[in-house]
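1. below are the sequence and a predicted model for it; my questions follow.
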Amino acid sequence: MINLRPLPSVIYFNQLFTAIVKLKRFNPHSTIISLFRQLELYGIKPNMHSVGILANCYCHLGRVDFGFSLLAKRLKLGYSLDSVIFNTLINGYVHCDKLPQAASLLNKIIKLNYGIKPDVVTYNSLVRGLYNSGSGDEAQRVLTEMLESNIAPNVKTYSMLVDMFCKDGCVDQAQSLIKHMTERGVPPNIITYSALLDGYCLRGQMEDAENLLHLMAENGCEPNLHDLPEIIGFMQQTTNVLYGIKPNMHSVGILANCYCHLGRVDFGFSLLAKRLKLGFPLDRVIFNTLINGLQPDVKTYNIMVKGFCKKGLMSEVAQVLRIMEEDGCPPNDRTYNTIIRGFILGNDLSNALYYRDIMVGKGFKADAATFSLFVGLLSSENLSDSKKDLLQKFIS
C-alpha cells in the first residue's frame with residue numbers, strides 16, 4: 001500500500017490494522033505499533049481512530065502508561081477526548097489485573113466532569129475484571145451503579161454475572177438475575193444459558209438442567225458443541241460409583257440430549273437400556289430427544305420397535321406407536337409384523353392377534369417371516385390346544 005501513488009488515506013490503514021488486531025493468536029500489537037511509526041515516516045498522519053488503535057495495542061502489551069501519553073497526542077491533533085479512549089485505558093488496567101486503577105480512573109472521569117459519560121462498555125470492562133478475580137459482591141455493586149446511572153446493562157453484562165454466581169454455587173441468584181434481565185427486555189443468549197446449565201450440573205440439579213436444555217431448544221439456543229463434551233464428562237464423573245452418586249432419569253436424559261447434539265445418537269440409544277436398568281420407565285421426553293437427533297421417518301421408528309421387541313419391552317412398543325401416530329408418521333406393514341412377532345416370541349398370542357386385526361384393518365398383510373412363525377408354532381408339541389386354536393384364527 002505504501003508503494004501506491006498517491007498514498008492511500010489513513011482510513012484504509014486503520015481498517016487494515018483493525019482487522020490485524022483481531023488475529024489475537026498472532027500477538028500482533030507490537031507489529032501494529034511499528035507499522036504506525038513507519039506510516040508517520042511516510043507522511044501519513046494518524047487520526048483519532050489511529051490513536052485509539054495504538055492505545056489499545058499499548059494496553060494489551062501492559063503499557064497503559066504509553067496509552068495515557070496518547071491522550072496528549074490526540075489533543076495535539078485537534079481531537080477532543082471521548083468515552084472510547086477512556087474505555088480503552090480502563091480496559092487496559094483490567095487486562096493487567098489492576099482493578100483499583102481502573103476504578104480510580106472511572107471515578108476521576110465522573111468527578112472531573114469532562115463531559116464524558118461512562119457507558120455500558122465502560123462498566124462491562126469493570127464487571128469482566130471483577131468476574132476474573134471472583135469478586136461477586138463488587139460485581140453486583142457495579143450492576144446496581146449502572147442501573148442507578150440509567151445505563152442499561154446488555155446481555156454481555158448479565159452473562160458474566162450469571163456465570164460468576166453459578167461458579168460460586170449461587171444458582172438461585174443467577175436464576176433471579178436471568179428473571180431480572182428478561183423483565184428488562186434483555187433476552188438470555190447461549191452464553192447465559194450455558195452458564196446456568198453448568199451451575200445446575202455443579203449443584204446436581206439434573207431435573208432443572210434437563211428442563212433448561214428443552215427451554216434452550218424452544219428459544220433457538222442450542223448448546224454449544226464445544227460445551228457438550230464438558231457437560232458429558234461432568235455428568236459421567238458425577239454419576240460414577242466412586243463418587244457414591246447414582247444417576248437418575250434426568251441425568252440420563254441430559255446425557256442422551258448431549259450425545260444427540262454431538263451426532264452420536266447411537267450412544268443416546270444405549271442409554272435406554274441404562275434407564276430401564278435403573279428402574280425408570282421410558283417416556284415421551286427420552287423418545288423425543290432421540291427422535292430429534294435422528295430426524296425420523298417410519299424406517300427410524302421401525303428400528304426402535306424392532307429393538308424393543310428384541311428385548312421383550314412390549315409396553316414401550318405401544319408408546320412408540322402412540323408417538324408415531326401423534327407425529328403424523330403412521331406405522332406400516334413392517335411395523336405391525338415386527339410387533340406381532342414380538343408378542344408371539346413373548347408367548348402373548350392374544351396381543352399378537354389384537355395387532356393382527358389392526359394390521360388387516362389398515363389393509364396390510366402378514367409377511368413371510370410372521371406367517372412361517374405361526375406355522376412353526378402350530379406344529380409345536382409344547383403348545384396347548386387353546387393356543388393352537390388362536391393361531392388357526394390367524395392363518396385362516
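-> Nice, I can see it.

2. CA atoms only: put the one helix or strand Ile323 maps to into CSV for me.
-> For Ile323, the host element (DSSP states H and E) is helix 314-326. What follows is helix 314-326, C-alpha atoms only, in CSV (Å, rounded to 0.1, in the frame of the first residue of the first chain):
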residue,chain,number,x,y,z
MET,A,314,-43.6,-54.6,24.6
SER,A,315,-45.1,-51.8,26.7
GLU,A,316,-42.5,-49.4,25.3
VAL,A,317,-43.5,-50.5,21.8
ALA,A,318,-47.1,-49.3,22.5
GLN,A,319,-45.7,-45.9,23.4
VAL,A,320,-43.7,-45.7,20.2
LEU,A,321,-46.8,-46.5,18.2
ARG,A,322,-48.7,-43.7,20.0
ILE,A,323,-45.9,-41.2,19.3
MET,A,324,-45.8,-42.3,15.6
GLU,A,325,-49.5,-41.5,15.2
GLU,A,326,-49.2,-38.2,17.0
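
3. what's it packed up against?
-> With contacts defined as 3 or more CB pairs under 8 Å, 6 or more residues apart in numbering; DSSP states H and E, the packing partners of helix 314-326 are helix 284-294, helix 298-311, helix 333-345. C-beta coordinates here come from the backbone N, C-alpha and C atoms, glycine included.

4. residues near Val142, how many?
-> The tally of other residues near Val142 (other CB atoms under 10 Å) stands at 22.

5. how near is it to Asn87?
-> 15 Å (CB to CB, to the nearest Å).

6. try Asp198
-> Distance, Asp198 to Asn87, using CB to CB: 29 Å.

7. next one: Gln15
-> 20 Å.

8. higher neighbour count, these two?
-> More crowded of Gln15 and Asn87, by other CB under 10 Å: Asn87, with 23 against 12.

9. return the residues in contact with the closest residue to Met324 other than its chain neighbours.
-> Nearest non-adjacent residue to Met324, counting by CB to CB, 6 or more residues apart in numbering: Tyr301, 5.2 Å away. Contacts for Tyr301 (CB atoms under 8 Å, 6 or more residues apart in numbering) come out as 320, 323-324, 329, 331, 335.

10. returning to what we had before: among the helices and strands packed on helix 314-326, which is the most enclosed?
-> helix 333-345 (a mean of 22; mean count of other CB atoms under 10 Å).

11. which strands and helices sit next to that one?
-> Here helix 333-345 touches helix 298-311, helix 314-326, helix 349-361, helix 368-378, going by 3+ CB pairs under 8 Å, 6+ apart.

12. residues in contact with it?
-> 298, 301-302, 305-306, 308-310, 312, 314, 317, 321, 324, 349, 351-352, 355-356, 358-359, 362, 364-367, 369-370, 373-374, 377.

13. tell me where the chain has strands.
-> Using DSSP state E, the chain contains no strands.

14. related to what we said a few turns ago, among the contacts of helix 333-345, name the buried ones.
-> The neighbour-count criterion (16 or more other CB atoms under 10 Å) marks 301-302, 305-306, 308-309, 317, 321, 324, 349, 351-352, 355-356, 359, 364, 366-367, 370, 373-374, 377 among the contacts of helix 333-345 as buried.

15. who are the contact partners of the closest residue in space to Ile178 that isn't next to it in sequence?
-> Excluding the flanking residues, the one nearest Ile178 by CB to CB, 6+ apart is Pro188, at 5.7 Å. With contact taken as CB under 8 Å, 6+ apart, Pro188 is in contact with 155, 158-159, 162, 178, 181-182, 196, 219, 221.

16. mind checking how far Pro188 is from Val155?
-> 7 Å.

17. hey, what's in contact with both of the two?
-> Shared contacts of Pro188 and Val155, defined by CB under 8 Å, 6+ apart, comprise Met181.
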